[in-house]
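Trainee: Mind looking at a prediction? Sequence and model below.
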Amino acid sequence: MAAIQQSAVLTGKSRPPRPLLSRLVSDYGQEFVIIAAMLVLFVAVGLYNPRFLSTSNLNTIFSGNAYIAVAAIGMAMVIITGHIDVSIGALIGVLATISGTLAVSGYPVWVAWSAPVILGMAVNFIVGWLVAYARIPSIVVTLGMMSILRGGLISITGGTWISGLPKEFMIAQWKPFGLPFPIIAMVVLTVLAAWWMRNFPFGRSLYAVGGNPEAARATGLSAERRVLAVFVIHGAFAGIATILFATQLQVIQSTVPPNLELTVITAAVIGGVSILGGSGTVIGSTLAAILFATIGSALIFVNVSAYWLRAVIGGLILITVLADMIRRRPAR
Amino acid sequence: MSLHNISWRNLLRHETILAIVAVILLILLAFQSSQFFTGANLLNQGRLMTEVGLVAIIMTFVIITGGIDLSVGSILGLTAILTGVFWQNLGLPLVLAACLAIAVGTFCGFVNGFVITRFGVPPLIATLATLALYRGLAEGISQARSVRGYPEWFYVLGQGSMLGVPTQLWILIALAILASILLAATRIGRSIYAIGANEVAAFFSGLPVNRTKIAVYTASGFAAALAGVIFVSRVSTTRSDMGTGLELDAITAVVLGGTSIYGGRGSVIGTLIGLVVIQSLKNGLSLAGVKAEGTAVLIGLMLIGAILMTTVLNKRRA
Amino acid sequence: MSDPEEKDLRRPYVRLAGISKSFGPVKVLKDISFDVRPGEIHALLGENGAGKSTMIKILSGLYQPDGGVMEIDGQPAKFASAKDANSAGIATVYQELLLFPELTVAENIFLGHYPRKGLGRIDWAEARAKARDLLDSLDCHDLDVDTRIATLSVAQRQRVEIAKALSHKARILIMDEPTASLTEKDVARLMDVVRNLKSRGVGIIYVSHRMAEIFALADRVSVLRDGMMIDTRAIGDADEALLVSMMVGRSIEQLFPKGEAEIGEAVLEVSKLNHGRLVRDISFSLKRGEVLGIAGLVGSGRTELALTLFGITPATSGEIRVKGKPVTIKTPRQARDLGLAYVPEDRGLQGLVKSMTINENLSMASLDRIAPGLFLNFAEEARRAVEAVKRLGVRARAGIHQPVGELSGGNQQKVVIAKWLATNPDILILDEPTRGIDVGAKAEIHAMMSELAAKGLAIIMISSELPEVIGMSDRILVMNNGQVTAVIDRANATPETVGAAMTAQTASKEAA
């Protein structure tokens, strides 16, 4: 080691960059772990019950849960800037109801599709403003917003189901190029988001704002504008996730999907986004969302009651966070 | 806080405003519905307010230390389930079953405190994780089955009265008095304020920071567990989704009552007034025909509004 | 060189004239005149609290002056923010480095001004290459631009900061106590970097306490004291004694009335104490009535030693004996119960709860003595507070119920000291006790220390002000790089002997 350093000093040139593979492993370690865990699950459960690996089940896992991955993209960005949003479940519930209602009321399909995106951005603009400019902790704002949305949804709709959705509306059931649309959407959006966050200054500044707010301010980065923008972007992703969610089944339940906010947050956290802010990627969160779907399905196939799913999620968050804290312990 | 503390003046300003709002509110509600200001109704509201009240009083302590506990609702649910399970499935005598369940709930609170102090996990994340874990355990253990058929005498706790006042209200009042005294006049109370205001200085001064925090979170678990048993007694049944949203109600009452979400300031009296305001609004809305879910919207607005108001007030003073 | 070119080189790039700044009623800077020429290394000296940090913040755009004029390259300039200063070519490397631990070296250098390619994308290849070039130009060839900052040492991070400044095309680089946390070897490397920058025409404002470096590097030196610029001289026209007397303003004997106290038996014995990099094999003893000064450069391990003694960062090996008995100290509470007291370096963060009253702060370390039972004894607490305020001369408008955040620095420090005196300690550790305090309060605290020593208290005083250490101590423990390099008696204590020991090496050296 010392010899290499010595020679570098003597020749006056810097060391060549580390080989690509070693860089990939250290930057994307968490993602590889998740893929490995998924493979293990597939193999183990598949051996136990081969129907686990059937096309229809795989379709359910990947296609049916793609909306969670999409929502997790926005959530990952929010967490990277050092905030959190527990209202995402309620928001998707509300947006889905609105979208479905528009569809069955005869509005053009594109209206029913764009409404959730626009409204998602509008709602989160308010949330983002309260967090960024009024400086109210995000947990409090989103707790309150969750209650407002959930209460509003149930009191207005009474929990009725929306049925009779027009066929043109059901975008989640399309199969362009033979692949289910949700999977395509999930992959494309994840890749785009990851690419944007890697290669554009705005995306990079999110890591700065979340990683060291004082240094960010000293560098002249306005945290307020970025936090507000992140919440709005998050709202857009929530809207897109809603479209995928609402068009899956023939009916839309006017309730808030249970566990959704927890699943989305956990997907981001386990995917490598540190809950302390400043690090992680959206690729990880997408992979983790799929991992959850896999776990959920696996539980059913090994005859473990699905009622244990939430306990599993809670345990996973705890373990991941503990590991993160231990890793970050300052070296003395 | 000593009686001469200047920030006491600021708090009194917040509390006074709140108390005036509460009084105005009560008057308005009395006019709106003849049913509101009857003895029976008021006592009944006191009864309904107890579960949130117990949790909110201890939540005041938690928030003053600069922390938060999102898992209280799940602890309530878990305790409720365990009461049913210990009694019905394991055949334990009901009193023992309830005590055991409360012990488990208290332990859940202890685990929160442990994770927060020993591992340095931020309270928000730790209790978000345990919110999922404890609720998950409740759902898994109960398999969504509910337990009914408790003996008659058990309902005295939740549905009966002593000396004309609902049983659980006595418990709430007792806890409120105990908590106020603890916070204002004991060493641990002073430590709680110091930890919230400046944890580093408190530690450097030799105050038992970790011990105090663990105690506070354990107490929070206990309050939620106790509330769970009372809840079961009140509604005569046990279900795994009990207590969902409890944390929101409790935090709103605390924040409304003048406790700063950042820690270092707050009082039990303020939380009590906040509870009264929230419960009165709920009651008023329900008497006016609004469904329970509608009040959830109101609570959410009040939470955000309360903090917004304190932020604006602070900015104007600065 | 022809005349006009020479004149150009001698024209200052940045000039301050008549600059003043107040915070509330306190005037922190008065009528400051100062300038820096391209390619000049201009040292800035001054005690803590003299106004250096305020002056730097005005130059780097974080503060705006209340009066006076700032000129950049001959033109009047006003900085509304750090960005303005950056654009004008002024970059600052602070002591607390402003880097992002989870991002790479290259990214930290170019954050906010990345090289771009098509569609506005960041050109990472270009950024990496340029980062490497910048580091190479500073003769730093051993840094991989793709590593995360979190894995780098302090010295390496500092070089990244300097490279960052260069990436902004800095014409003036302000370096605030740059060698504070560096090892000997790193200091030498840094000095090479500084000379490198000088040869490229970058003007450097070198803020430091360290005389050796100042005399090795600087072209001119300016001394600040109590918010005023005392003098600016060419380095050849100054010597250390002169600079110290300009900084301090009066002779050493006048300032530090160390009385005579009877030195008793050993009350604290430390043997081969270890914790981490900065407390290594420390051994010493402390006697009753003695004032043991601990001297050393910033980052030599003095505060770390105090934190280890006091249980904040407990020792990993070694022995501590209090009054002859071996003890383990794992928490501040244990330390306190054993008779130790620690008045910390950062009184705002570590010493006081600013929102609480004088009363509540005074009792914080002795609550269980005021109220052994369940309840607090408010009457007793107040009585003790009034007594302490009188005894130490704490000046507070609203008496013992005033929030300490509203007091002046000197009075705040008195409250912290009083808080610990209330625990009846045998051993009092003072960490920079007179930092940021006006001269009058300083003298009062020194007098208090003498009085306490005479009463039999054993005192450890950590201080960065050589005159204070030399004036107040019976013995001086000098530390460097986590180890004790010398123990000097009062009779032999001079700025030369102490100063030499502060930079002396012991057996093992650390590589960068």
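Mentor: Perfect, thanks for sending it. Residues are numbered from 1 along each chain as shown, chains lettered A, B, ... in the order given.
Trainee: Residues of chain C that sit close to chain B?
Mentor: C:312, C:331-333, C:335-336, C:342, C:344, C:349-357, C:359-360, C:364-365, C:367-368, C:371, C:374-376, C:378, C:381, C:398, C:401-403, C:419 (C-beta under 8 Å from any C-beta of the partner chain). No exception for glycine: its C-beta is placed from N, CA and C like everyone else's.
Trainee: Go ahead and list the helix or strand containing the residue nearest the centre of chain A.
Mentor: Nearest to the mean C-alpha position of chain A, by C-alpha atoms, centre = their mean, lies A:Ala72 at 0.6 Å. Following DSSP states H and E, one finds A:Ala72 within helix A:66-80.
Trainee: Strands of the stretch 51-200 of chain C, residue ranges please.
Mentor: Secondary structure of the stretch 51-200 of chain C (DSSP state E, counting those that start in this stretch): strands at C:67-72, C:75-76, C:90-93, C:172-176.
Trainee: Let's have the ones you listed in a markdown table, adding mean neighbour count and distance to C:Asp237.
Mentor: As requested, those are arranged in a markdown table below (neighbours: other C-beta atoms under 10 Å in any protein chain shown; distance: least, C-beta to C-beta, whole Å):
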| stretch | mean neighbour count | distance to C:Asp237 |
| --- | --- | --- |
| strand C:67-72 | 17 | 25 |
| strand C:75-76 | 9 | 30 |
| strand C:90-93 | 24 | 27 |
| strand C:172-176 | 25 | 23 |
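Trainee: Can I get these in a markdown table including distance to A:Gly235 and mean pLDDT?
Mentor: Formatted as a markdown table, those follow (distance: least, C-beta to C-beta, whole Å; pLDDT from 0 to 100):
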| stretch | distance to A:Gly235 | mean pLDDT |
| --- | --- | --- |
| strand C:67-72 | 44 | 91 |
| strand C:75-76 | 46 | 89 |
| strand C:90-93 | 38 | 90 |
| strand C:172-176 | 42 | 92 |
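Trainee: For the stretch 301-450 of chain C, which segments count as helices?
Mentor: Here the stretch 301-450 of chain C has its helices, by DSSP state H, counting those that start in this stretch, at C:302-309, C:332-337, C:358-362, C:367-370, C:378-392, C:409-421, C:439-454.
Trainee: any idea which of those is most buried?
Mentor: Here the criterion is mean neighbour count by mean count of other C-beta atoms under 10 Å in any protein chain shown, and of these the winner is helix C:358-362, at a mean of 27.
Trainee: which residues touch it?
Mentor: Outside helix C:358-362, the residues within contact range by C-beta atoms under 8 Å, 6 or more residues apart in numbering or on different chains are B:2, B:4-5, B:190, B:194, C:352-353, C:381-382, C:384-385, C:388-389, C:394, C:396, C:399-404, C:407, C:415-416, C:418-419, C:422.
Trainee: quick revisit: beyond the helix holding A:Ala72, next helix or strand please.
Mentor: Assigned by DSSP H and E, the successor of helix A:66-80 is helix A:88-104.
Trainee: Name the residues of that next one that come out as buried.
Mentor: Buried residues in helix A:88-104, counted by 16 or more other C-beta atoms under 10 Å in any protein chain shown: A:88-103.
Trainee: any idea which of the residues you listed is the one closest to chain C?
Mentor: Closest approach to chain C among the buried residues of helix A:88-104 (C-beta to the nearest C-beta): A:Ile88, at 24.6 Å.
Trainee: correct me, but that closest one touches A:Thr263?
Mentor: No: contact criterion C-beta atoms under 8 Å: A:Ile88 and A:Thr263 do not qualify, at 9.5 Å.
Trainee: The helix or strand harbouring B:Ala103 close to chain A?
Mentor: According to DSSP H and E, B:Ala103 maps onto helix B:94-118. Yes: applying C-beta under 8 Å from any C-beta, one finds that helix B:94-118 is in contact with chain A at B:Val115.
Trainee: What's the separation between the closest residue to C:Met449 other than its chain neighbours and chain B?
Mentor: Nearest residue to C:Met449, sequence neighbours excluded (C-beta to C-beta, 6 or more residues apart in numbering or on different chains): C:Ile459, at 6.0 Å. Distance from C:Ile459 to chain B, counting by C-beta to the nearest C-beta, to the nearest Å: 18 Å.
Trainee: Kindly report the same for C:Asp176.
Mentor: From C:Asp176 to chain B the distance is 24 Å (C-beta to the nearest C-beta).
Trainee: Tell me which residues touch that residue, please.
Mentor: If a contact means C-beta under 8 Å, 6+ apart, then C:Asp176 has C:53, C:56, C:92-95, C:207 as its contacts.
Trainee: Equivalent analysis for A:Glu214, please.
Mentor: Residues in contact with A:Glu214, defined by C-beta under 8 Å, 6+ apart, are C:Leu98.
Trainee: again, only this time at 10 Å
Mentor: Residues in contact with A:Glu214, defined by C-beta atoms under 10 Å, 6 or more residues apart in numbering or on different chains, are A:223, C:96, C:98.
Trainee: Tell me the pLDDT of the nearest residue to the last one once chain neighbours are set aside.
Mentor: Spelled out, that is C:Leu98. Nearest non-adjacent residue to C:Leu98, counting by C-beta to C-beta, 6+ apart: A:Ala215, 3.8 Å away. You'll see A:Ala215 listed with a pLDDT of 82.
Trainee: Mind listing what's buried along the helix holding B:Ala103?
Mentor: By 16+ other C-beta under 10 Å, the buried positions in helix B:94-118 come out as B:97-102, B:104-117.
Trainee: Now do the SS call for the residue lying closest to B:Lys291 once chain neighbours are set aside.
Mentor: Closest residue to B:Lys291 apart from its sequence neighbours, by C-beta to C-beta, 6+ apart: A:Ser155 at 5.4 Å. Classification of A:Ser155 using DSSP: H, G, I helix; E, B strand; the rest coil returns helix.
Trainee: wait, A:Ser155 sits on B:Thr295?
Mentor: Yes: between A:Ser155 and B:Thr295 a contact is recorded at 8.9 Å, counting by C-beta atoms under 10 Å.
Trainee: Tell me which stretches of the stretch 201-332 of chain A form strands.
Mentor: With DSSP E, counting those that start in this stretch as the criterion, the stretch 201-332 of chain A has strands at A:252-253.
Trainee: before we move on, the earlier item: to A:Thr60, which of the strands of the stretch 51-200 of chain C lies closest?
Mentor: When the strands of the stretch 51-200 of chain C are compared by C-beta to C-beta, strand C:90-93 sits nearest A:Thr60, at 56.4 Å.
Trainee: List the neighbouring strands of the closest one plus their orientation.
Mentor: Its sheet considered, strand C:90-93 pairs with strand C:172-176 (parallel) by DSSP bridges.
Trainee: before we move on, which element is A:Gly144 in?
Mentor: helix A:138-157.
Trainee: Now the common contact residues for A:Ile88 and A:Thr263.
Mentor: A:68, A:71-72.
Trainee: pLDDT-wise, which helix or strand of chain B ranks last?
Mentor: Across the helices and strands of chain B, the lowest-confidence element by mean pLDDT, DSSP states H and E is helix B:6-32, at a mean of 75.
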